[in-house]
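Visitor: let me see the structure of the following:
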Amino acid sequence: MKTDTSSKYDIGFLARNLNDTRYATIVFRDALKDYANNHLVEDKPMFKVVCINGGVTSFLRKNFDDSSYAKKDRDKNIHHAVDASMISIFSNETKTLFNQLTQFADYKLFKNTDGSW
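Guide: I've put the predicted structure just below:
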């Protein structure tokens, strides 16, 4: 994706592209929910679909000790795999934890001498 949006045509293209991506994401999410609801395990959906936005991966990248993951290199496609891997470990519990951590994003977390955070 170009970052130089010097012409109104580039800006229009980017806006349409983002809108198409949003629509495709909603369609895919709904298809996953339908699949889960039609494949019950003990009268419950097979899995629950949890939507995660880009802020999660951005937050994680900023807090990685390994600086090679901190910046997304859009010239290489590996960032898609890294983002997908990060998102795949999330659940409702970790989403809640993420929301709590973002409140303290400006602070560094340190472990106390007694082992508590």
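
Visitor: alpha carbons only for contacts and neighbour counts from here, please
Guide: Will do.

Visitor: buried residues, stretch 31-48. List them.
Guide: Residues of stretch 31-48 classed as buried by neighbour count (16 or more other C-alpha atoms under 10 Å): 33, 36-37, 45.

Visitor: of the residues you listed, which belong to strands?
Guide: In strands, judged by DSSP state E, the following of those are found: Pro45.

Visitor: let's have the buried residues of stretch 31-48 in a markdown table, adding pLDDT and distance to Asp73.
Guide: As requested, the buried residues of stretch 31-48 are arranged in a markdown table below (pLDDT from 0 to 100; distance: C-alpha to C-alpha, whole Å):
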| residue | pLDDT | distance to Asp73 |
| --- | --- | --- |
| Lys33 | 95 | 32 |
| Ala36 | 94 | 34 |
| Asn37 | 95 | 37 |
| Pro45 | 93 | 37 |
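
Visitor: which one of the buried residues of stretch 31-48 is nearest His80?
Guide: Closest approach between these and His80, by C-alpha to C-alpha: Lys33, at 22.9 Å.

Visitor: next one: the nearest residue to that closest one once chain neighbours are set aside from Ser85, what distance?
Guide: Residue nearest to Lys33 in three dimensions, not counting chain neighbours: Val49, with 6.2 Å by C-alpha to C-alpha, 6 or more residues apart in numbering. Val49 sits 16 Å away from Ser85, taking C-alpha to C-alpha, to the nearest Å as the criterion.

Visitor: count of neighbours near Thr57?
Guide: Neighbour count of Thr57, defined by other C-alpha atoms under 10 Å: 19.

Visitor: which one is it nearest to, not counting chain neighbours?
Guide: Nearest non-adjacent residue to Thr57, counting by C-alpha to C-alpha, 6+ apart: Asp83, 6.1 Å away.

Visitor: sounds good, over and out.
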